[in-house]
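Novice: build me a model:
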Amino acid sequence: MRFVIVAQRCEPCIRNPVKAAVETGGSRGEILEASGISILMAGGPAMAYTATVVMEVPDQMGV
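Specialist: Numbers count the residues shown, from 1 in each chain. Here you go, the predicted structure:
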């Protein structure tokens, strides 16, 4: 999963890979694990986007 884009803080660029991850069977835990790399690279802003944008997609898709 390519979630390093979270570090760039581009909402449409974040939503598409997360949606693709869910559609191909990615679990919430796997999505969070991949997002953790962005948090390590970009710190607080990436954490904020993970908590809001990244987690919003699985919630909307029922995962």
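
Novice: tally of neighbours for Asn16?
Specialist: Neighbourhood size, Asn16 [other CB atoms under 10 Å]: 14. Quick note: C-beta positions are derived from backbone N, CA and C, even for glycine.

Novice: any idea how far Gly44 is from it?
Specialist: According to CB to CB, to the nearest Å, Asn16 and Gly44 sit 23 Å apart.

Novice: same question for Cys10.
Specialist: For Cys10, the distance to Gly44 equals 17 Å [CB to CB].

Novice: quick one, which of those two is more surrounded?
Specialist: Applying other CB under 10 Å to Cys10 and Gly44 shows that Cys10 carries more neighbours, namely 13 against 8.

Novice: next up, the contacts around that one.
Specialist: By CB atoms under 8 Å, 6 or more residues apart in numbering, Cys10 lies in contact with nothing.

Novice: any idea how far Glu11 is from Ser27?
Specialist: Separation of Ser27 from Glu11 (CB to CB): 22 Å.

Novice: so where do the strands sit in this protein?
Specialist: Secondary structure of the chain (DSSP state E): no strands located.

Novice: which pLDDT does the model give the residue lying closest to Ser38 once chain neighbours are set aside?
Specialist: Of all residues not flanking Ser38 in the chain, Val6 sits nearest, at 3.7 Å (CB to CB, 6 or more residues apart in numbering). pLDDT for Val6: 77.
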